[in-house]
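J.: Any chance you can model this:
(chains A and B)
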2 protein chains.
Amino acid sequence: MSTARPLAVPEGSPFGPDNLPYGVFSTAADPRRRIGVALGEHVLDAGAAAAAVRAPAETAALLSAASLDPLLAAGRPVWTRVRAALTEWVTEPRYAEAVRPCLLPRADAELHLPFTVADYVDFYASEHHAANVGRIFRPQGEPLTENWKHLPIGYHGRAGTVVVSGTPVVRPCGQRREQPGRPPSYGPSLRLDLEAEVAFVVGAPSAQGGRVALGEADEHVFGVCLLNDWSARDLQAWEYVPLGPFLGKSFATSLSPWVVPLDALAHARTAPPPRTTALLPYLDDTATPPAGLDLALEMRINGHLVSRPPFAAMYWTYAQMVAHLTVNGAGLRTGDLLGSGTVSGPGHGSRGALIELTHDGREPLELPDGSVRGYLADGDEVVVSATAPGPGGVRIGLGEVAGRVLPARP
Amino acid sequence: MSTARPLAVPEGSPFGPDNLPYGVFSTAADPRRRIGVALGEHVLDAGAAAAAVRAPAETAALLSAASLDPLLAAGRPVWTRVRAALTEWVTEPRYAEAVRPCLLPRADAELHLPFTVADYVDFYASEHHAANVGRIFRPQGEPLTENWKHLPIGYHGRAGTVVVSGTPVVRPCGQRREQPGRPPSYGPSLRLDLEAEVAFVVGAPSAQGGRVALGEADEHVFGVCLLNDWSARDLQAWEYVPLGPFLGKSFATSLSPWVVPLDALAHARTAPPPRTTALLPYLDDTATPPAGLDLALEMRINGHLVSRPPFAAMYWTYAQMVAHLTVNGAGLRTGDLLGSGTVSGPGHGSRGALIELTHDGREPLELPDGSVRGYLADGDEVVVSATAPGPGGVRIGLGEVAGRVLPARP
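T.: Next up, the predicted model:
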């Protein structure tokens, strides 16, 4: 008779037992969508595990759902209990025998959008990105608009075109204007870009008409994903005045499949950059726990590392995004997705979009395979990945958001 | 024994048998949300009627749902069949006896948001409104931005704060900047406005990656509502550069409870204004059936008529909105809501927002009760209503969207 052993996780795995991110998967053998938890090279079938260990009814019900929606809606005390239970199941020897049959190879799992996206809001929280893009889009003006240091600028994107990592992205068509004063032309975007972002997933809703204070954000924010906010710069440049980006962004937004709980990122907390402009009280985070996150992003095109955007350099925190979004009384809903905006650091090698890396295509990037990119070419595969510091020197993995560019449809 | 008579509808009712708009209602006696059809002073309990007349299973199932979502998703051939069936039930004497018990006084019905709002997109389709607002927001520049005549400008709004008519609207707080160059202050909006709009409700989805041509729009657009896009002009003016309106709009958007089927508006079809700029082929509507709509709006504050915005003056049509929205491959979802933007005509008395009627508050409006309004005051009730030409001289009612302004929360 075998002695129960803890479940094997490769040394240094970014999906070790300190992470336990949630996703939704199916397999060829069993096409039901169900909740999975990434563990090493495996996916734990969370509902099956809950049944195997005879979990309490509430935990079992939440983990047996077809999406994360009920778990997200349940709120922080429940998130804490469910995470504590999962941690026990995957670390305590007494559970190993029951839980082991619920592990599937990650390679066999097809991953799906893990929750229903309610409203998708995209912010613009990197000072470096905003200034770099400002110089390109508005060469006559100041790089940062006057409001930038006073509030986390954001806008609503298209929730209906958020797709899970791995979904191919068709090059969009639309109106571009090659020369000022000339009429626009129609055709495939000639300046297709990516934006490496971090996204915050809202779990517990907030009351319509109420406000969420900075210190209350963690009661509502469940976890973190990676996001690629694909951007057709030529469509965007022509359309965005005065009401903001629309078709330049709305064709697709890719989301990583694993939602890393905020609880797994406790060791990544860090102070945001010093505030150089005094903030109104509802955004003043000098007296609240730090809500910056030291996430290290990597951006690859066709396997070549092209940038290492540091999320710790972001000026505005997720807590400020939530406080700002709700200060006018707008309620949060379960599944609201808050993108950070492009993550760009101060140096050239830390910029999270090609528009910045190539100065709007004028200084193309040379890839190690000898090819050059002003913007994305058909067939390019873009992968954004990230890790964060965990306990005892381990890294917490956020996984990746990947997508390949397909040619425009005729 | 009584002879079956057709159901009584008051002469000239805007909810006569040529209209048959759909909504969702409940009553104090029966709090289940169910589909209703407005008829004269009554609501027809559509699911009950389907049962009473022994309707075919598909029709009965769609009309017995708790929201319009399944009916919206079913597509135009089904919409036509269901509408034809309803028309028979309320006009043919042989059905009167069965249907009459399914009529409730409209005054007893509490009306709810009739469908799940997927993405909410707001356009900017009135040339008069865009030019008037452009003069106020950008006094140095041309009234219309360069792109305005080339594409229907739009942006995504907050779907989660779309509320049904009658829901009170709390004055939002946020950042306002009183003087250029000074830091912003925080507090209740001092320039709270309404925007009288028409909204198009998407029923049948379109394929992600596909495009909906101008002539195909009617396969996807189910019907029409009225919408008040409440706007805090001071918040909006400070925040909207460069990514567009956000908190200035996201606190609440009110929607009328009755969705008037596009089929009921056949007599309202009209050609849009002459196009003064050549359009790219995907927007060129010179060879497609007219998609302008001759809807006559009325805007009231505390019962006083303050404007009569003419929807026939709108430059961009709903077909162009759909064609533009999808030209980049973005799919439509059931429940997408497309706002027209403020409906303003050429004359002073036809403007659909106070910012235009009062020149940003500088020329306050005098109401017949002697009070003046630069912008909305706490306690003000705003009602936007509309009618359209129907067959034989009758008017088709779109009902109204109403909302009262409550004071800001401390």
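
J.: In this structure A:Glu195 contacts A:Thr342, no?
T.: Yes: using C-beta atoms under 8 Å, A:Glu195 makes contact with A:Thr342 at a distance of 4.3 Å. Any C-beta I mention is one placed from the backbone N, CA and C, and that applies to glycine too.

J.: which residues do the two both contact?
T.: Common neighbours of A:Glu195 and A:Thr342, counting by C-beta atoms under 8 Å, 6 or more residues apart in numbering or on different chains, are A:Asp229, A:Gly352, A:Ala353.

J.: Identify the residues contacting the last one.
T.: Residues touching A:Ala353, when contacts are defined by C-beta under 8 Å, 6+ apart, comprise A:His129, A:Val133, A:Asp193, A:Leu194, A:Glu195, A:Ala196, A:Ser231, A:Thr342, A:Ser344.

J.: Leaving out chain neighbours, which residue sits closest to A:Glu298?
T.: Spatially, and ignoring its direct neighbours in sequence, A:Glu298 is nearest to A:Ser385 (5.1 Å; C-beta to C-beta, 6 or more residues apart in numbering or on different chains).

J.: What's the local residue count around A:Ala217?
T.: A:Ala217 is flanked by 24 other residues according to other C-beta atoms under 10 Å in any protein chain shown.

J.: That one and A:Val202: what is the separation?
T.: For A:Ala217, the distance to A:Val202 equals 10 Å [C-beta to C-beta, to the nearest Å].

J.: ok, now A:Phe123?
T.: Taking C-beta to C-beta, one finds A:Phe123 at 13 Å from A:Val202.

J.: Give the residues shared as contacts by the two.
T.: Residues touching both A:Phe123 and A:Val202 (C-beta under 8 Å, 6+ apart) are A:Leu338.

J.: which neighbours do A:Ala217 and A:Val202 share?
T.: Joint contacts of A:Ala217 and A:Val202 (C-beta under 8 Å, 6+ apart) are A:Val322.

J.: pLDDT wise, what is the residue of the stretch 301-410 of chain A found nearest chain B at?
T.: Per C-beta to the nearest C-beta, A:Asn328 is where the stretch 301-410 of chain A lies closest to chain B, at 3.7 Å. pLDDT, A:Asn328: 98.

J.: Relative to B:Pro245, how far out is it?
T.: A:Asn328 is 11 Å from B:Pro245, where distance means C-beta to C-beta.

J.: Next: A:Ala46.
T.: Note on A:Ala46: its distance to B:Pro245, by C-beta to C-beta, is 40 Å.

J.: and the longest strand for chain A?
T.: If you go by DSSP state E, chain A has its longest strand at strand A:395-406.

J.: In which helix or strand does the residue nearest in space to the middle of chain A reside?
T.: Chain A has A:Leu226 as the residue nearest its centroid, 2.5 Å off, counting by C-alpha atoms, centre = their mean. Per DSSP states H and E, A:Leu226 falls inside strand A:221-228.

J.: more neighbours, A:Ala46 and B:Pro245?
T.: Using other C-beta under 10 Å as the criterion, A:Ala46 and B:Pro245 rank with A:Ala46 on top: 30 against 23.

J.: on that earlier part again, helices or strands next to the helix or strand encompassing the residue nearest to A:Glu298 in the packing?
T.: A:Ser385 belongs to strand A:381-389 when assigned by DSSP H and E. Packing partners of strand A:381-389 (3 or more C-beta pairs under 8 Å, 6 or more residues apart in numbering or on different chains; DSSP states H and E): strand A:196-202, strand A:221-228, strand A:296-301, strand A:395-406.

J.: what angle separates the second one from strand A:196-202?
T.: Orientation note: strand A:221-228 sits at an angle of 150 degrees relative to strand A:196-202 (axes from the mean of the first three to the mean of the last three C-alpha atoms, to 10 degrees).

J.: Show me what strand A:221-228 is packed against.
T.: So strand A:221-228, by 3+ C-beta pairs under 8 Å, 6+ apart, packs with strand A:196-202, strand A:253-255, strand A:260-261, strand A:337-339, strand A:381-389, strand A:395-406.

J.: still on that earlier bit, how about the shared contacts of A:Glu195 and A:Thr342 in JSON lines, adding pLDDT?
T.: Converted to JSON lines, these look like this (pLDDT from 0 to 100):
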{"residue": "A:Asp229", "pLDDT": "98"}
{"residue": "A:Gly352", "pLDDT": "98"}
{"residue": "A:Ala353", "pLDDT": "98"}
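
J.: Save these as JSON lines, and put in distance to B:Gly361 too.
T.: Putting those into JSON lines (distance: C-beta to C-beta, whole Å) gives the following:
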{"residue": "A:Asp229", "distance to B:Gly361": "37"}
{"residue": "A:Gly352", "distance to B:Gly361": "41"}
{"residue": "A:Ala353", "distance to B:Gly361": "40"}
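
J.: So which of those is the closest to B:Gly187?
T.: Nearest to B:Gly187 among the shared contacts of A:Glu195 and A:Thr342 is A:Asp229, at 32.6 Å by C-beta to C-beta.

J.: what sits against the closest residue to the closest one other than its chain neighbours?
T.: Nearest non-adjacent residue to A:Asp229, counting by C-beta to C-beta, 6+ apart: A:Glu195, 4.0 Å away. Taking C-beta under 8 Å, 6+ apart as the criterion, A:Glu195 is in contact with A:Asn228, A:Asp229, A:Trp230, A:Ser231, A:Gly341, A:Thr342, A:Gly352, A:Ala353.

J.: now that we have those, which one has the most neighbours?
T.: Among these, A:Gly352 has the most neighbours (other C-beta under 10 Å), with 33 neighbours.

J.: List the residues that contact A:Leu337.
T.: Contacts of A:Leu337 (C-beta under 8 Å, 6+ apart): A:117-121, A:159, A:162, A:199-202, A:225, A:227, A:255.

J.: State the number of residues packed around the nearest residue to it once chain neighbours are set aside.
T.: Nearest non-adjacent residue to A:Leu337, counting by C-beta to C-beta, 6+ apart: A:Tyr120, 4.6 Å away. Neighbours of A:Tyr120 under the rule other C-beta under 10 Å: 28.

J.: For B:Glu363, see how far away A:Tyr120 is.
T.: 39 Å.

J.: residues contacting A:Arg404?
T.: So A:Arg404 contacts A:Pro168, A:Val169, A:Gly379, A:Asp380, A:Glu381, A:Val382 (C-beta under 8 Å, 6+ apart).

J.: What is the neighbour count of the third one?
T.: Other residues near A:Gly379 come to 10 when the count uses other C-beta under 10 Å.

J.: and if you look at the fourth one?
T.: Burial of A:Asp380 is recorded as 18 neighbouring residues (other C-beta under 10 Å).

J.: surely A:Gly339 meets A:Asn228?
T.: No: contact criterion C-beta under 8 Å: A:Gly339 and A:Asn228 do not qualify, at 9.8 Å.

J.: Need the residues touching each of the two.
T.: Each of A:Glu197, A:Thr253 lies in contact with both A:Gly339 and A:Asn228 under the rule C-beta under 8 Å, 6+ apart.

J.: Now for the residue of the stretch 101-250 of chain A found nearest chain B, how many residues are close by?
T.: Distance from chain B to each residue of the stretch 101-250 of chain A (C-beta to the nearest C-beta) is smallest for A:Gly244, at 2.3 Å. Residues within reach of A:Gly244, counting by other C-beta under 10 Å, total 27.

J.: so who does it touch?
T.: Taking C-beta under 8 Å, 6+ apart, we find A:Gly244 in contact with A:Tyr155, B:Tyr155, B:Tyr240, B:Pro242, B:Leu243, B:Gly244, B:Pro245.

J.: Ramachandran coordinates for A:Glu219?
T.: Backbone torsions for A:Glu219, taken as degrees, to the nearest 10, come to phi -70, psi -20.
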